[in-house]
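**Q** Sequence unavailable; structure follows:
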């Protein structure tokens, strides 16, 4: 790759095992489903974090291919959605089957087989929702250009951020919305002193349904009843539970109504309406994809823990192995502990998929460092006073920047801070409720940060590319979201 290539560069907590589990699906499985795929994927692992690296030009190219494929064939869209729904249901059923097993009682071969089956089922359902990133990336600019043309004629260009928000905001509940609704209902039951046995049953069901909501690429845990009880106790202390419940319940219908009214007002053409509907559908599927990841990572971590126990390796060491290495490690007891230790310090995975052949390699030490330097070159430090991005949620706000690169940084957030991060994911939700603004390196008008900021009604600028590299902790900044500007004060 050329040194001057511009890259999509996204950082989050994680390890090679879970990262490569997901990236492979965007190569092999996505091609099987659609004929479109990523030919190469690079991940840099350092200090228990991942940097997903991919050339922007290639992302735009794939986005156009997907756009051309889907917008000309409504039947294919319906088939893909139905296929994904079947695969998603199959994954949920398989996870329920795993719950009935005692992993310690399985033979080595049985454990390897179970891991293989789970990964295959997970990757099969993971690929189709990956279309949303490419599709949205390409079509965000199409929608923005269309709106600018319409609003210029109406002399309403200043309303672009408002109108864009209304047209792009999801009309379906996210899994976070659903979990919050269900928890509020239990809190109201307790406050009304309803039947204790019924409350206990609802709480048990809630734990079963949402035990995975804190998981990510670096964590696969099963939340206990006590976690949800603490949250319920905090809710009970509030007086507006029914109002909050109604607001969340009404959110979907209100978004639909506002969107319909604006479409009629702007007299959008059929093609643009189809595009908006498709983005809405894909945003929902993307949300379910994230839920499937968070849930599956629990079961994967449980299996890695058991494999590690048999091989006398820590769970962290196991997370630096790759799925394809597990059979030889467990069945033949061929374990390269030194290699795993090297990867834990710093490593780079390079995956390729060409001529229907998937290959991967992992570089460590000097080879990894040399590859990274060749990839990025020496980044020049510039004095930058203003950052330009995309308005995801309107508003103007001033506050202290808090740079959040990993989940371990969450403790830095205080009420009223401005969150600056590479990209938000569902595990950010608890701290997002504390901040009064969001700035991200990556993303567009349909990314997670854009969606959640509109739900919370706080200013948000996404796609700055360099915010986490330029801004400093505690630095006073101003978000002028209408213009997509972040100003250093």
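**A** Structure received. All values derive from a computational prediction rather than experimental measurement.

**Q** show me where the stretch 51-200 of the chain has strands.
**A** With DSSP state E, counting those that start in this stretch, there are no strands along the stretch 51-200 of the chain.

**Q** what's the burial count for residue 101?
**A** 13 (other Cβ atoms under 10 Å). Using the backbone N, CA and C atoms, a C-beta is placed for each residue, glycine as well.

**Q** Residue 337 too?
**A** 11.

**Q** my read: it touches residue 318, true?
**A** No - using Cβ atoms under 8 Å, residue 337 is not in contact with residue 318; the gap is 11.3 Å.

**Q** what residues do these two have in common as contacts?
**A** The contact sets of residue 337 and residue 318 do not overlap (Cβ atoms under 8 Å, 6 or more residues apart in numbering).

**Q** what sits up against stretch 349-365?
**A** By Cβ under 8 Å, 6+ apart, stretch 349-365 touches 16, 19-20, 23-24, 27-28, 31, 37-43, 45, 322, 324, 339, 342-343, 345-348, 371.

**Q** Narrow those residues to those in strands?
**A** 40, 41, 42, 43, 45, 347, 348 (DSSP state E).

**Q** how about these in JSON lines, adding neighbour count?
**A** Converted to JSON lines, the ones in strands among the contacts of stretch 349-365 look like this (neighbours: other Cβ atoms under 10 Å):
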{"residue": "40", "neighbour count": "16"}
{"residue": "41", "neighbour count": "21"}
{"residue": "42", "neighbour count": "21"}
{"residue": "43", "neighbour count": "23"}
{"residue": "45", "neighbour count": "24"}
{"residue": "347", "neighbour count": "21"}
{"residue": "348", "neighbour count": "23"}
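
**Q** Closest to residue 431 out of those?
**A** residue 45 (23.9 Å; Cβ to Cβ).

**Q** That closest one is in contact with residue 342, isn't it?
**A** No - taking Cβ under 8 Å as the definition, residue 45 is not a contact partner of residue 342, at 11.2 Å.

**Q** Next, residue 424: secondary structure please.
**A** The three-state label given to residue 424 by DSSP: H, G, I helix; E, B strand; the rest coil is coil.

**Q** now do residue 399
**A** strand.

**Q** what sits against it?
**A** Per Cβ under 8 Å, 6+ apart, neighbours of residue 399: 416, 417, 418, 435, 436, 437, 476, 477.

**Q** so what's it bridging to?
**A** residue 477 (DSSP bridges).

**Q** Adjust the sequence numbering to begin at 2 for everything that follows.
**A** With 2 as the first residue, the last one maps to residue 400.

**Q** That one and residue 440: what is the separation?
**A** Applying Cβ to Cβ, to the nearest Å, the value for residue 400 to residue 440 is 10 Å.

**Q** got any residues that touch both of these two?
**A** In contact with both residue 400 and residue 440: 419, 478, using Cβ under 8 Å, 6+ apart.

**Q** Wait, residue 441 touches residue 466, no?
**A** No - Residue 441 is beyond contact range of residue 466, at 9.6 Å (criterion: Cβ under 8 Å).

**Q** Flag the shaky bits of the stretch 102-251 of the chain, pLDDT-wise.
**A** By pLDDT under 70, the stretch 102-251 of the chain has no low-scoring segment.

**Q** Let me see the ranges of the strands in the stretch 202-351 of the chain.
**A** Using DSSP E, counting those that start in this stretch, strands in the stretch 202-351 of the chain cover 348-355.

**Q** for it, what spans make up the helices?
**A** Ranges of helices in the stretch 202-351 of the chain, per DSSP state H, counting those that start in this stretch, are 226-237, 242-267, 271-312, 316-320, 327-332, 338-346.

**Q** elements contacting the fifth one?
**A** The one in question is helix 327-332. Judged by 3 or more Cβ pairs under 8 Å, 6 or more residues apart in numbering; DSSP states H and E, the packing partners of helix 327-332 are helix 109-127, helix 271-312.
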